[in-house]
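Trainee: Requesting a structural model of the entry that follows:
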Amino acid sequence: MLTFNDLTLPCPEGLTLAQLLDERSMDPDTIATAVNGAFVPRDQRATTVLQPNDTVLTFQAIVGG
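Mentor: Just a heads-up that it's a prediction; the model follows:
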């Protein structure tokens with residue numbers, strides 16, 4: 001199991017962050033992601049393999065300066 005935005009979900013072996021976002025119907029271009037408190041850039045989501053007990057958070061990306 002893993003935690004995704006306060007939901008407890010199964011964590012099948014080999015599940016990537018990109019796959020999880022797709023399964024949850026989330027638009028990957030409009031959100032930022034963190035796994036266990038560490039920011040995960042968009043280009044690393046497909047290679048970020050999730051583990052049992054991971055905590056995944058998504059949040060609105062903020063752009064500006």
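Trainee: so where's this structure shaky on pLDDT?
Mentor: Within the chain, the stretches falling below the threshold (pLDDT under 70) are 61-65.
Trainee: For it, just list every one of the helices.
Mentor: Counting by DSSP state H, the chain has these helices, from start to end: 17-23.
Trainee: how deep is Leu2 tucked in, by neighbour count?
Mentor: Per other Cβ atoms under 10 Å, the neighbour tally for Leu2 reads 19. In short, each C-beta sits where N, CA and C put it, glycine included.
Trainee: try Leu17
Mentor: Other residues within reach of Leu17, judged by other Cβ under 10 Å, total 23.
Trainee: Pull stretch 34-44 out as PDB, backbone CA atoms only.
Mentor: Backbone C-alpha positions of stretch 34-44 (Å, rounded to 0.1, in the frame of the first residue of the first chain) are rendered in PDB as follows:
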ATOM      1  CA  ALA A  34       6.600  14.800  -4.500                       C
ATOM      2  CA  VAL A  35       7.400  11.300  -3.200                       C
ATOM      3  CA  ASN A  36       8.300  11.100   0.500                       C
ATOM      4  CA  GLY A  37       8.700  14.800   0.700                       C
ATOM      5  CA  ALA A  38      11.100  15.100  -2.200                       C
ATOM      6  CA  PHE A  39      10.100  16.900  -5.400                       C
ATOM      7  CA  VAL A  40      10.000  14.700  -8.500                       C
ATOM      8  CA  PRO A  41      10.500  16.600 -11.800                       C
ATOM      9  CA  ARG A  42       8.100  15.700 -14.700                       C
ATOM     10  CA  ASP A  43      10.900  14.100 -16.700                       C
ATOM     11  CA  GLN A  44      11.700  11.700 -13.900                       C
END
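Trainee: how about Pro12, what does it touch?
Mentor: When the contact criterion is Cβ atoms under 8 Å, 6 or more residues apart in numbering, Pro12 has no partners at all.
Trainee: whoops, I mixed them up, Val40
Mentor: Counting by Cβ under 8 Å, 6+ apart, Val40 touches 17, 33-34, 48.
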